[in-house]
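Chemist: predicted model, plus sequence, below.
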Amino acid sequence: MFLHFRHISYGLFAAAAATFFPTWAGHAQARLNRPLVIAVDPGHGGRDPGAIGCHGAKEKIVTLAIAKDLARRIDLTPRMHAVLTRTGDYYVGLHQRVRIAQRAGAELFISIHADAGNPSYHGATVYSQSPADAPDVTQDQSEKLADGITRQLRRIEPVRRDRQADFVVLRSRRIPSVLVEAGFITNPEQERELTKRAFQRSVAAAIFGGIQRFLAGRLSRPSAVR
């Protein structure tokens, strides 16, 4: 459904319901006033530390710090609300993360990770849903969201952005979803960056900026779909 049309149609429905179906009017107005819910997924946690850097930094700690900062920015924005798939150092299964987002009525899903590989590798990677996992509309919106985040992240570090992935957390058929590898924790220099609060805030700010860019574009194009 068109995002802007959704607001118009529900506004008309609320007015009609107030006249003909008073009991429904409150429900229609509540739907109209509902904030945009964004699921923020800190990768790994608990018994699953994720990747570990050469100096001992754990991916699960880095991702939670970035995710909490991103959620804070979302919650400070009018008509937006963040739902974290985990709020502490505990394990949540991959399928459960998607179910948390679905139950919360999330309209976007952002999974945050830190990459591992050759110690010389440096920079972020942004993944979107693969066509096999989502309808064309959802996959297209996922691509646009990934592009918006990529543009913002490139202000602070190199970014690879020509990637689609069949990750479990990107398989929601109705929620545009992206996975952000914030940097290579196995690169000693970037490991130090990823553990610094200032860099974590910069990554969160870049992801949030990408979300805002995506939403602005979706509102400005009548053909944008949700």
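Modeler: Everything's here; your move. Quick caveat, the model's predicted, so the values are computed rather than measured.
Chemist: how is the protein partitioned into domains?
Modeler: 1-34, 35-220 (automatic domain parsing).
Chemist: where does the protein dip in pLDDT?
Modeler: Along the chain, the parts satisfying pLDDT under 70 run over 1-32, 162, 219-226.
Chemist: apply 90 and report the result again.
Modeler: 1-34, 130-137, 160-166, 173, 217-226 (pLDDT under 90).
Chemist: all strands for it, in order.
Modeler: Along the chain, counting by DSSP state E, strands occupy 36-42, 80-84, 108-115, 124-129, 159-165, 177-184.
Chemist: what are the pairing partners of the first one, and which direction each?
Modeler: For strand 36-42, the paired strands and their directions (DSSP bridges) are strand 80-84 (parallel), strand 108-115 (parallel).
Chemist: in the chain, which spans are helices?
Modeler: 3-20, 22-33, 59-75, 94-103, 136-153, 188-194, 197-220 (DSSP state H).
Chemist: indicate which one of those helices is closest to R171.
Modeler: Nearest to R171 among the helices of the chain is helix 94-103; the distance by C-beta to C-beta comes to 6.9 Å. Placement of C-beta: from N, CA and C, glycine included.
Chemist: so what's the gap between the closest one and the chain middle?
Modeler: 13 Å (C-alpha atoms, centre = their mean, to the nearest Å).
Chemist: what does stretch 37-47 give?
Modeler: Here the centre of stretch 37-47 is set off from its chain's centre by 10 Å, with C-alpha atoms, centre = their mean.
Chemist: again with stretch 34-49
Modeler: Distance of stretch 34-49 from the chain centroid (C-alpha atoms, centre = their mean) equals 9 Å.
Chemist: in it, what's buried?
Modeler: L36, V37, I38, A39, V40, D41, P42, G43, H44, G45 (16 or more other C-beta atoms under 10 Å).
Chemist: distance to Q141 for those - can I get that in JSON lines?
Modeler: Converted to JSON lines, the buried residues of stretch 34-49 look like this (distance: C-beta to C-beta, whole Å):
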{"residue": "L36", "distance to Q141": "13"}
{"residue": "V37", "distance to Q141": "15"}
{"residue": "I38", "distance to Q141": "13"}
{"residue": "A39", "distance to Q141": "14"}
{"residue": "V40", "distance to Q141": "17"}
{"residue": "D41", "distance to Q141": "17"}
{"residue": "P42", "distance to Q141": "22"}
{"residue": "G43", "distance to Q141": "22"}
{"residue": "H44", "distance to Q141": "26"}
{"residue": "G45", "distance to Q141": "27"}
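Chemist: and of those residues, the nearest to Q190?
Modeler: Q190 lies nearest to G43 out of those, by C-beta to C-beta, at 16.2 Å.
Chemist: that closest one - nearest residue in space that isn't next to it in sequence?
Modeler: The shortest distance from G43 to any non-neighbouring residue, by C-beta to C-beta, 6 or more residues apart in numbering, is to H113 (4.0 Å).
Chemist: what distance do you get for the one you found to E191?
Modeler: Per C-beta to C-beta, to the nearest Å, H113 is found 14 Å from E191.
Chemist: these two - which one has more neighbours?
Modeler: Shown here are H113 and E191; by other C-beta atoms under 10 Å, H113 has more neighbours (27 against 22).
Chemist: R34: what's it in contact with?
Modeler: Listed by C-beta atoms under 8 Å, 6 or more residues apart in numbering, the contact partners of R34 are G105.
Chemist: just L153 next, same as before
Modeler: Contacts for L153 were tallied using C-beta under 8 Å, 6+ apart; they are A124, V126, V159, V180, V203, A206, I207, G210.
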